[in-house]
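Asker: Could you look at this predicted model? Sequence included:
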Amino acid sequence: MNFAKEGIVSVWYSTTDYASIPDSYFEEDEQGLDRWAKNFEISEYDSENLETNGVDTGKTAVLDIIGPCSWSYSYGDAVIKKIEKLGDTQISWLILLFDFEYRAKKTHIFEDEYVHFVGCFPYDMDAGNLK
């Protein structure tokens, strides 16, 4: 499925230590897709629009991880609220995919063994960072 959509960022988060996730989870196949993308039935995305941030071990406040991310002032608070609604106040890392609107209602995939889908949020390239 093609989920390209300008001005939208799709967000996933993890509570698993980044260091404990096998490298194979992030290795790309011949089509340039890693296991994370395949698990969520994402058939293509522009790797230039992918951003990750987190801590190697342990967990920290969501704000500490999302704050430094690109344009986070425009979507960060909404992401923090949604993650807290999902029951987590501390996370280990995030995946952000800009200009992409992942539709979990279509794929029926909201999580895999390492990450949970948070949602899609509008972002503004003129916005600064939360932190």
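Answerer: Right, received. Where do you want to start? Numbering: from 1, shown residues only.
Asker: ok, Pro122 touching Glu6?
Answerer: No - counting by C-beta atoms under 8 Å, Pro122 stays clear of Glu6, with 10.2 Å between them. In short, each C-beta sits where N, CA and C put it, glycine included.
Asker: Looking at these two, which has the bigger crowd around it?
Answerer: Pro122 (12 against 8; other C-beta atoms under 10 Å).
Asker: partners of the more buried one in the sheet?
Answerer: Counting by DSSP bridges, Pro122 is bridged to Ile8.
Asker: List the contacts of it.
Answerer: Taking C-beta atoms under 8 Å, 6 or more residues apart in numbering as the criterion, Pro122 is in contact with Gly7, Ile8, Val9, Ser74, Tyr75.
Asker: repeat for Phe40
Answerer: Trp12, Tyr102, Thr107, Ile109, Asp112, Phe117.
Asker: Now do it against Gly128, distance only.
Answerer: As for Phe40, its distance to Gly128 is 29 Å (criterion: C-beta to C-beta, to the nearest Å).
Asker: got a list of what the residue most central in space within the chain touches?
Answerer: By C-alpha atoms, centre = their mean, the chain has its centre lying nearest to Ile95, at 2.6 Å. Contacts for Ile95 were tallied using C-beta under 8 Å, 6+ apart; they are Val11, Trp12, Tyr13, Trp36, Leu50, Glu51, Thr52, Val115.
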